[in-house]
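# Dropping the sequence and predicted coords here.
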Amino acid sequence: MLNKGLPGSRPDKKRTTPMAFSQEQARDLAMQTLILLVDRPEDLTQFMEASGLRPADLRDMAARPDIALYLLDFLVEDDARILSFAEALDLRPQDIMTARTALAGPGSYGWEAD
């Protein structure tokens, strides 16, 4: 997880290359997203409706690794949403997409890998 209190652990939004994410780091980012999502009732409702999950399902799935991909997919589906969450997480939108790719693999979002 990012430690915002340590110099060098905060991403530099001016950089031009995306952050590299391991699968573990991408899952950590997704858990940060879930925590933030719970504090945003409108976004949480949209996520629950889009995923078909009930509150009890979400509690159960929070411990499962596959929720990470669902959460990051939810963010990248809407421009305003990814911009808002990227700002709150002190990341660039591209970094969230890079984390998503770390979980699902290149080309998994309908784009070919570079």
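Looks like it arrived, so ask away.
# mind listing the helices for the protein?
23-38, 41-51, 55-61, 66-76, 79-88, 93-104 (DSSP state H).
# which residue is nearest the middle of the protein?
L72 (3.7 Å; Cα atoms, centre = their mean).
# is it true that it touches T98?
No - at 10.0 Å, L72 does not count as touching T98 under the criterion of Cβ atoms under 8 Å. Using the backbone N, CA and C atoms, a C-beta is placed for each residue, glycine as well.
# Neighbours of E77, how many?
Around E77 there are 11 other residues, counting by other Cβ atoms under 10 Å.
# Tell me the confidence at it?
pLDDT, the model's per-residue confidence, is 94 for E77.
# so what pLDDT did the residue lying closest to it once chain neighbours are set aside get?
Among residues not flanking E77 along the chain, A50 sits closest, at 7.8 Å (Cβ to Cβ, 6 or more residues apart in numbering). Looking at A50, its pLDDT stands at 91.
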